[in-house]
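# need coordinates for the below:
(one chain, ligands or ions: 1)
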Amino acid sequence: MTPVPPSEKEPFKVTPWAVEGRIDYGRLQELFGTSPLDDELLSRLRRLLGEPFHPLLERGIYLSHRDLPRLLDGYERGTPFVLYTGRGPSGEIHLAHLIPFELCSYLQRKLGVELWVQLTDDEKFLFSGRAGRSELSLKDTYRLGRENLLDLLAVGFDPKRTHVLFDTLSIRSLYPIALEVAKRVTFSTTKAVFGFRNDTNIGSIFFTSVQSAPAFLPSVRAGRPVPCLIPCGVDQDPHFRLTRDVAEPLGYPKPALIHNRMLPGLLGEEKMSSSADRQDNAIFLSDPPADVERKVSHAFTGGRASIEEQRRLGANPEVCSVWALWRSRFAPDPAEFAEITRTCRSGELLCGECKSRLVPRVQRFLREHAERRREVDAWLDSRIEDGPPPGRGG
Ligand code: SF4
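Next up, the predicted model:
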């Protein structure tokens with residue numbers, strides 16, 4: 001199993017807990033041993049899914065995979081698969097967190113497949129207070145977890161085809177499988193994959209087995225092998241390499257993965273993430289309209305030092321955090337996205353105008369999302385596996 005970078009030769013670092021430096025995605029694929037989502041595979045997906053083809057696939061935001069062709073072979077022979085994705089509740093939801101859920105929503109709508117969502121409140125409790133992270137109690141992670149789920153599921157799912165595994169509530173379903181996994185994973189493997197040390201708490205070391213369990217639970221429930229596809233950020237790949245390593249020895253199909261690139265932060269960082277002093281790096285789903293306007297107007301761009309220079313030389317969308325927002329969701333019409341990209345490069349579009357155009361799109365998206373969030377509140381608790389115990393409310 002490939003240890004997580006970095007080394008002195010790699011000027012970037014990608015782990016489930018930290019992304020540093022400018023990621024060379026081609027090099028990362030070599031280091032992780034993943035496969036590119038190439039034109040042939042994208043054409044196959046397009047044939048299967050029809051139009052409209054999702055911008056996250058069309059525009060290279062999903063860029064690599066593990067075993068996707070094998071999963072599609074099975075599906076086309078009549079073996080349905082399930083989707084599995086998740087969230088560790090350490091804070092509020094921002095736009096980057098929605099990406100795997102948006103792909104899941106699209107795949108569920110197109111193929112009618114089931115979704116299993118894992119909410120890892122245990123993980124965030126165990127890992128809090130380390131490496132500069134603030135301390136979170138179990139009460140905090142429960143409260144954040146429920147709030148996060150409302151935001152994530154408001155992307156749009158069929159409640160009847162959606163299962164929620166809220167770790168501290170659904171542990172009865174997860175624990176027998178987590179034990180099977182844990183028995184086959186050594187401490188030295190977790191050290192190699194995650195960089196754990198002798199002073200790492202034992203809950204963190206065990207946790208990866210809990211994160212593997214949802215990939216196998218549908219097979220346990222069905223009493224037969226059920227293939228699983230995990231859409232996730234490429235930084236989460238190490239967790240699931242380990243899941244894949246133990247799958248077949250335990251009699252389960254190896255889960256397939258499809259990875260998205262990181263959505264850049266508004267302050268020019270490689271990954272949209274936030275901390276108490278970096279709130280303007282991300283757009284949160286709870287941001288009021290004035291905050292959206294302020295954040296977008298201060299966002300890092302690929303523009304030039306002066307208007308004259310930009311008109312003459314054009315700008316560079318590839319490094320621009322505003323362009324990344326257009327690309328991901330705010331210009332769903334391919335013709336509009338192509339026009340923004342072309343006029344940015346040519347210098348016809350200036351950054352101020354581009355940002356002014358984006359702000360109302362983001363504000364409207366957040367307004368509509370808040371409406372859908374209220375609808376999810378009506379059904380969320382009924383979809384939590386093993387159910388919330390009476391009186392548990394954070
Ligand atoms: Fe970014 Fe828009 Fe400026 Fe291009 S014109 S660099 S997309 S803000």
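
# for residue 340, what are its contacts?
For residue 340, the contacting residues are 317, 323, 326, 331, 349, 354, by CB atoms under 8 Å, 6 or more residues apart in numbering. Just so you know, the C-beta spots here come from the backbone N, C-alpha and C atoms, and that holds for glycine as well.

# list the buried residues in the helix or strand harbouring the last one.
Pointing back at residue 354 there. Using DSSP states H and E, residue 354 maps to helix 351-379. Using 16 or more other CB atoms under 10 Å as the test for burial, helix 351-379 gives 351, 354-355, 357-359, 361-363, 365-366, 369, 373, 376.

# same list, the contacts of residue 340, but as a markdown table with secondary structure please.
Compiled in a markdown table, the contacts of residue 340 are given as follows (DSSP: H, G, I helix; E, B strand; the rest coil):
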| residue | secondary structure |
| --- | --- |
| 317 | helix |
| 323 | helix |
| 326 | helix |
| 331 | coil |
| 349 | coil |
| 354 | helix |
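
# briefly note if the helix holding residue 354 comes near the ligand.
Yes. Judged by CB under 6 Å from any ligand atom, helix 351-379 comes into contact with the ligand at 351, 354-355.

# hmm, residue 326 is touching residue 337, no?
Yes. Taking contacts as CB atoms under 8 Å, residue 326 lies within contact range of residue 337: 6.2 Å.

# where does the prediction get shaky in the stretch 151-300 of the chain?
Along the stretch 151-300 of the chain, segments meeting pLDDT under 70 span 274-277.

# quick one: the strands in it?
For the stretch 151-300 of the chain, the strands defined by DSSP state E, counting those that start in this stretch cover 162-166, 228-233, 256-260.

# residue 326 and residue 337: which is more packed in?
residue 326 (23 against 18; other CB atoms under 10 Å).

# wait, isn't residue 129 in contact with residue 135?
Yes. Using CB under 8 Å, residue 129 is in contact with residue 135, at 4.1 Å.

# looking only at neighbour counts, state which of those two leads.
residue 129 (12 against 9).

# quick check: residues of the protein near the ligand?
301-303, 315, 317, 320, 322-323, 344, 349, 351, 354-355.

# same thing but 5 Å
301-303, 315, 317, 320, 322-323, 344, 349, 351, 354 (CB under 5 Å from any ligand atom).

# closest to residue 222 out of these?
residue 323 (43.4 Å; CB to CB).

# before we move on, what's the pLDDT of that closest one?
Note on residue 323: pLDDT of 97.

# and the angle for the helix holding residue 354 with strand 162-166?
Interaxial angle, helix 351-379 versus strand 162-166 (axes from the mean of the first three to the mean of the last three CA atoms, to 10 degrees): 90 degrees.

# what sits closest to the residue of the stretch 151-300 of the chain found nearest the ligand if chain neighbours are left out?
Proximity of the stretch 151-300 of the chain to the ligand (CB to the nearest ligand atom) peaks at residue 299, 7.4 Å away. Nearest residue to residue 299, sequence neighbours excluded (CB to CB, 6 or more residues apart in numbering): residue 266, at 4.3 Å.
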